[in-house]
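Undergrad: Have a look; sequence and predicted model below, questions after that.
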Amino acid sequence: YKTKAAASVFTSLFQIEVQSVKIDCKVASRFAHTVMTSTALNKANVSQEVFFEVELPKTAFITNFSMEIDGQIYVGEVKEKEKAKKQYDRAVSSGQTAGLVKASGRKMEKFSVSVNIAANSNVTFTLTYEELLQRRLGRYEIMIRVKPKQLVQHFEIVADIHEPQGIAFLDTNATFLNNELLPLVKKTVTDKMAHVSFSPTLDEQRKCPDCDSSVIDGDFIITYDVNRAKDIGDIQIVNGYFVHFFAPADLPRLPKNVVFVIDRSGSMNGKKMEQTLEALTTILGELYEEDHFGLVTFDDNIELWRPSLSKATQENINEAKEFVKTITARHMTDINGAVLHAIEMLTASKENSSLPDNSASMIILLTDGEPTSGEQHLPMIQENVKNAIGGNMSLFCLGFGYDVDYAFLDVMAKQNDGLARRIYEASDAVLQLQGFYEEVASPLLLEVDLHYEDSVVNSLTNSHFGQLFEGNEIVVAGQLNDLEVNNFLIEVSAQGLEKQFFVHNQSRVEEWALMFPEQEYIFGDFTERLWAYLTIQQLLDKRDKCTPEERENITAEALDLSLRYNFVTPLTSMVVTKPQNDEAPEDTLIADKLSEDERQDIIPQDVDHGVPSMATAFFGSGQAFLDLVAEGDPHFIVEIPNLNDALCFNTDDKPGTIFNLVRDPLTGFVVNGQTIGDKKVEPGTKEHTYFGRFGIVYEKFNITLMVTTRQILISEQGKHEELLWSKTSTIKHPHMELQVTKDHSLSVTMKNSVKFVIILHKVWEKHPYHQDYLGFYTLDNHLSSHSVHGLIGQFFHGVKFEVSDLFSGKDPDKPDATMFVKGHKLTVTRGWQRDFKKDAKNGENVPCWFIHKNGTGLIDGELKDYIVTDLFKTF
């Protein structure tokens with residue numbers, strides 16, 4: 001059993017004092033350079049582990065990390081990912097290691113590292129990252145997440161913004177600001193500069209006058225925009241590199257032709273479908289009268305509201321809203337057929353001249369799963385769609401939840417001049433859908449070409465864009481052939497509302513030293529680093545759309561730039577080698593850049609679960625939440641990812657014993673697991689047991705599942721089905737979705753309940769002792785009631801504990817410690833357990849505190865209290 005968790009902090013107990021936290025952000029022409037620094041002091045008389053955790057935007061690239069310990073500096077090194085992995089793997093074989101970067105919420109990534117600090121010594125951590133701020137809905141956003149979870153002697157956020165176009169407005173906000181803290185946000189805005197600072201004292205950080213807890217807990221947000229004219233835009237030239245920002249003011253809006261393609265498969269049933277239809281109804285009401293629109297719904301059948309597009313008159317919108325009310329979730333998922341129907345509708349409407357000449361055509365696809373009907377080979381679907389669109393319209397893909405193949409949607413959208421966006425399963429999904437539509441609701445220009453003199457520039461980033469939407473911005477960067485050049489001809493052509501849009505002018509460059517005479521010249525190579533950042537981003541996008549031969553060259557170019565500019569990108573990793581001392585061996589850690597698909601293990605909502613997240617120091621204390629596994633020889637793991645730590649215990653009983661793992665009396669959801677033994681047990685050896693069968697009951701919808709190592713039996717509303725491990729298959733019912741990956745795993749999603757995976761462990765059929773067995777992993781259980789219990793269900797909503805007083809145990813390699821949990825004082829042992837969720841064959845070692853005697857003191861009651869008489873026993 002394994003449960004993901006978040007940590008509580010008991011720093012005062014362990015005398016770790018965070019002396020300072022500073023976040024310093026400098027922005028030059030939208031390019032943000034942020035340095036997060038924290039110093040912590042170990043005031044105890046023994047060495048202790050000190051943790052540094054910060055969150056950074058997922059669009060940013062880490063460029064530097066260092067630790068200064070007793071005057072010695074340890075610096076992270078950016079390497080090619082494959083080379084870094086080899087170094088990491090070597091370290092894995094010899095000691096504890098961990099990845100440093102994990103997903104955090106929708107917009108952020110968490111960087112965390114720990115180091116052992118001697119008594120009365122301090123450590124200073126410094127992390128630097130850079131990003132190009134993207135303009136959305138008419139504003140740029142700088143988001144700084146701070147969660148120290150304790151008082152900090154010197155806490156400071158500073159942001160300096162330099163914008164040669166002039167700052168049109170600047171606003172600040174924070175999720176934790178109250179009336180007392182609001183006046184502490186200092187803001188100075190002049191024509192081209194802004195300075196923002198926030199530096200509360202110790203007392204001002206307190207939640208209450210006598211509290212030791214901090215009120216600073218959340219996001220500090222700065223939003224701004226720059227002045228704009230109806231002209232060529234803003235050009236900056238520094239040290240032989242230029243950047244051009246183009247978003248002219250006061251352009252008239254183009255009519256749009258949009259077909260909404262809505263997934264109505266069985267997995268959309270319930271809240272997702274309700275939210276989708278609510279958002280669609282609102283969006284229909286926001287169409288402009290000059291727009292044309294169509295509706296396509298699909299499961300394994302494709303249904304059109306009307307066979308062709310309709311003008312967005314009030315009468316047509318009202319009729320469309322009535323049609324939306326009739327949409328219900330049904331069966332399978334034919335993405336290929338649905339999108340091709342939408343393309344045919346737009347193509348036919350264009351050919352019969354029923355659409356305005358100067359108008360933007362687009363398809364907005366919303367789906368929550370992978371194709372299970374019609375064409376199911378993903379590359380073939382992408383090829384079909386690309387060939388049918390032929391560059392004549394844009395495709396935007398919205399992936400609802402975490403069951404979609406996001407990479408598939410992302411590539412398909414990019415191939416057709418669009419983009420993909422994940423819609424998170426949360427209470428604000430309607431607002432997410434409406435917010436996306438708002439971004440594409442007002443096209444201003446089509447086929448935008450930015451032209452620069454060939455004799456003057458080289459190494460341009462993308463200079464052709466299919467469309468420019470209101471509130472967005474086009475950015476082009478490049479190198480100059482001559483360092484002395486400070487102006488050159490720029491031409492921009494595009495299709496506007498009534499005529500061809502065309503502007504041209506000489507670039508006008510004003511020296512930064514003249515614009516900002518009182519400022520120290522801030523990172524003078526910012527145009528070069530901005531060019532590198534943008535080039536890498538575009539190369540990574542491009543390699544998803546090209547041939548294998550082109551992909552190899554593009555990857556090599558992006559890798560070269562990533563290494564040259566010290567960016568942690570999807571092609572590179574930062575290797576951090578922690579110092580070696582008497583208490584801790586040398587430890588190698590890896591910081592990677594996560595892809596959107598690699599973010600799937602996160603909790604989707606931007607909700608804080610008590611995770612310390614800005615230079616917090618702590619040791620051996622935690623509070624567990626969420627996510628599960630019951631594994632071989634039955635062992636159970638309660639994992640705490642932010643501490644890279646876990647609690648674990650084993651159960652010992654005879655084969656054939658049935659344990660209740662989960663029972664939720666309010667939803668009627670029950671999981672029971674029956675153990676099996678080895679084929680043969682040598683005399684005098686311990687008999688090992690494993691889970692060989694699981695019985696799952698969901699009384700609310702009259703569903704039962706029996707999963708064995710041979711087959712999967714499903715019963716729903718009196719209807720019976722059988723699935724085999726030997727075949728990959730998917731079943732979608734209104735209240736349940738199952739997906740079998742051949743000889744590997746069964747994924748099950750129960751409506752308004754839990755999502756879990758059962759792993760099949762295959763053993764050589766003729767093995768003299770062992771036989772096939774199963775592992776049970778819960779992925780999402782946040783909808784469980786507070787009455788949920790069972791051997792693992794009791795941990796769904798958390799367990800608080802503290803660990804202290806490390807001392808030598810029976811095994812010199814496995815120290816013991818004292819744990820306080822559920823009112824008990826236990827002696828626990830440091831050890832390892834195997835987690836097979838990511839690697840069903842070999843598993844991975846999970847370090848944990850082992851609770852002895854069948855988990856006594858950690859689990860409620862005794863192990864015998866969880867034994868039941870029937871695999872489908874309910875309560």
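TA: Received it, and whenever you're ready, just let me know what you need.
Undergrad: And Thr728, how far from Thr555?
TA: Applying C-beta to C-beta, to the nearest Å, the value for Thr728 to Thr555 is 30 Å. For the C-beta atoms, the positions are set from N, CA and C on the backbone; glycine is no exception.
Undergrad: Which residue of these two possesses the greater neighbour count?
TA: Ranked by neighbour count (other C-beta atoms under 10 Å), Thr728 and Thr555 place Thr555 first, with 15 against 11.
Undergrad: Now do the same contact list for the more buried one.
TA: The contact partners of Thr555, by C-beta atoms under 8 Å, 6 or more residues apart in numbering, come to Leu539, Arg543, Leu571.
Undergrad: can you rerun that using 6 Å?
TA: Arg543 (C-beta atoms under 6 Å, 6 or more residues apart in numbering).
Undergrad: Check what pLDDT it gets.
TA: Looking at Thr555, its pLDDT is 91.
Undergrad: Same check on the one 10 residues further on?
TA: For Tyr565, the model assigns a pLDDT of 90.
Undergrad: If we ignore the residues flanking it in sequence, what's nearest it?
TA: Nearest residue to Tyr565, sequence neighbours excluded (C-beta to C-beta, 6 or more residues apart in numbering): Ala532, at 4.5 Å.
Undergrad: List of residues touching the helix or strand hosting the one you found?
TA: Here Ala532 sits within helix 526-542, counting by DSSP states H and E. By C-beta under 6 Å, 6+ apart, the list of residues contacting helix 526-542 from outside reads 28, 31, 132, 236, 238, 241, 243, 414, 461-462, 477, 554, 557-558, 561-562, 565, 569.
Undergrad: Now, of those, which are buried?
TA: Those of those that meet the buried threshold are 28, 31, 132, 236, 238, 241, 243, 414, 461-462, 477, 554, 558, 561-562, 565, 569, by 16 or more other C-beta atoms under 10 Å.
Undergrad: So which of those sit within strands?
TA: Using DSSP state E to define strands, the subset of the buried ones among the contacts of helix 526-542 located there is Ala28, Phe31, Leu132, Gln236, Val238, Tyr241, Val243, Ala477.
Undergrad: Distance of the spatially closest residue to the last one that is not a sequence neighbour relative to Glu473?
TA: Think Ala477. By the measure of C-beta to C-beta, 6+ apart, the closest residue to Ala477 outside its immediate chain neighbours is Trp531, 3.9 Å from it. Using C-beta to C-beta, we find Trp531 at a distance of 16 Å from Glu473.
Undergrad: Of these two, which one has the most company?
TA: Using other C-beta under 10 Å as the criterion, Trp531 and Glu473 rank with Trp531 on top: 25 against 21.
Undergrad: any idea how far Glu549 lies from Ile536?
TA: Counting by C-beta to C-beta, the gap from Glu549 to Ile536 is 20 Å.
Undergrad: that older thread, tell me the one of the ones in strands among the buried ones among the contacts of helix 526-542 nearest Ser267?
TA: For these, the residue nearest Ser267 by C-beta to C-beta is Leu132; the value is 36.2 Å.
Undergrad: Asp482: what secondary structure?
TA: coil (DSSP: H, G, I helix; E, B strand; the rest coil).
Undergrad: scratch that, Met345 is what I was asking about
TA: From three-state DSSP, the assignment for Met345 is helix.
Undergrad: same question, Val430
TA: Assigned state for Val430: helix (three-state reduction, three-state DSSP).
Undergrad: Now do the contacts for Arg145.
TA: By C-beta under 6 Å, 6+ apart, the contact list for Arg145 reads Glu55, Met108, Asp219.
Undergrad: Just to check, the last one is in contact with Thr175?
TA: Yes - if you go by C-beta atoms under 6 Å, Asp219 and Thr175 touch, sitting 5.0 Å apart.
Undergrad: Could you name the helices and strands sitting against the helix or strand encompassing Ser66?
TA: Element membership for Ser66, per DSSP H and E: strand 61-69. For strand 61-69, the contact count by 3 or more C-beta pairs under 6 Å, 6 or more residues apart in numbering; DSSP states H and E identifies strand 72-75, strand 122-132 as packing neighbours.
Undergrad: Can you give the strand pairings for it, parallel or anti for each?
TA: strand 72-75 (antiparallel), strand 122-132 (antiparallel) (DSSP bridges).
Undergrad: looking at the helices and strands packed on strand 61-69, which is buried most?
TA: With neighbours defined as mean count of other C-beta atoms under 10 Å, those peak in mean count at strand 122-132, which reaches a mean of 21.
Undergrad: And the next helix or strand past that strand?
TA: Next along the chain after strand 122-132, taking DSSP H and E as the criterion, comes strand 140-146.
Undergrad: Pull out the buried residues from the next helix or strand after that next one.
TA: Next helix or strand after strand 140-146 toward the C-terminus (DSSP H and E): strand 154-162. For strand 154-162, a neighbour-count test (16+ other C-beta under 10 Å) marks Phe155, Ile157, Val158, Ala159, Asp160, Ile161, His162 as buried.
Undergrad: ok, and the helix or strand in this structure with the lowest average confidence?
TA: Counting by mean pLDDT, DSSP states H and E, the chain has its least confident helix or strand at strand 5-6, which shows a mean of 28.
Undergrad: before we move on, the earlier item: least confident of the ones in strands among the buried ones among the contacts of helix 526-542?
TA: Lowest pLDDT among those: Val238, 83.
Undergrad: residue contacts, it?
TA: Thr527.
Undergrad: Would you check how far apart it and Arg529 are?
TA: Look at Val238 and Arg529: by C-beta to C-beta, they are 10 Å apart.
Undergrad: And for Asp482?
TA: 21 Å.
Undergrad: Please identify which of these two sits among more neighbours.
TA: Neighbours were counted for Asp482 and for Arg529 using other C-beta under 10 Å; Arg529 has more, 22 against 11.
Undergrad: Distance check, the more buried one against Met193.
TA: Remark: distance between Arg529 and Met193 (C-beta to C-beta) = 20 Å.
Undergrad: got the angle between the strand holding Ser66 and helix 526-542?
TA: Per axes from the mean of the first three to the mean of the last three C-alpha atoms, to 10 degrees, the angle that strand 61-69 makes with helix 526-542 is 120 degrees.
Undergrad: Look up which residues are beta-bridged to Thr675.
TA: Beta-bridge partners recorded for Thr675 (DSSP bridges): Phe691.
Undergrad: how about it, what does it touch?
TA: Counting by C-beta under 6 Å, 6+ apart, Thr675 has contacts Pro655, Thr657, Thr689.
Undergrad: From these, list just the buried residues.
TA: Thr657, Thr689.
Undergrad: Can you get me a residue count around Lys22?
TA: As a burial measure, Lys22 scores 18 neighbours (other C-beta under 10 Å).
Undergrad: ok so it is a helix residue?
TA: No - judged by three-state DSSP, Lys22 forms no part of a helix; its state is strand.
Undergrad: thinking Asn122 is in contact with Asn42, fair?
TA: No - using C-beta under 6 Å, Asn122 is not in contact with Asn42; the gap is 7.1 Å.
Undergrad: Assign a three-state SS to the residue lying closest to Ala429 once chain neighbours are set aside, would you?
TA: Using C-beta to C-beta, 6+ apart and skipping residues adjacent in sequence, the residue nearest Ala429 is Gln275, 4.3 Å away. Put simply, Gln275 is helix when judged by three-state DSSP.
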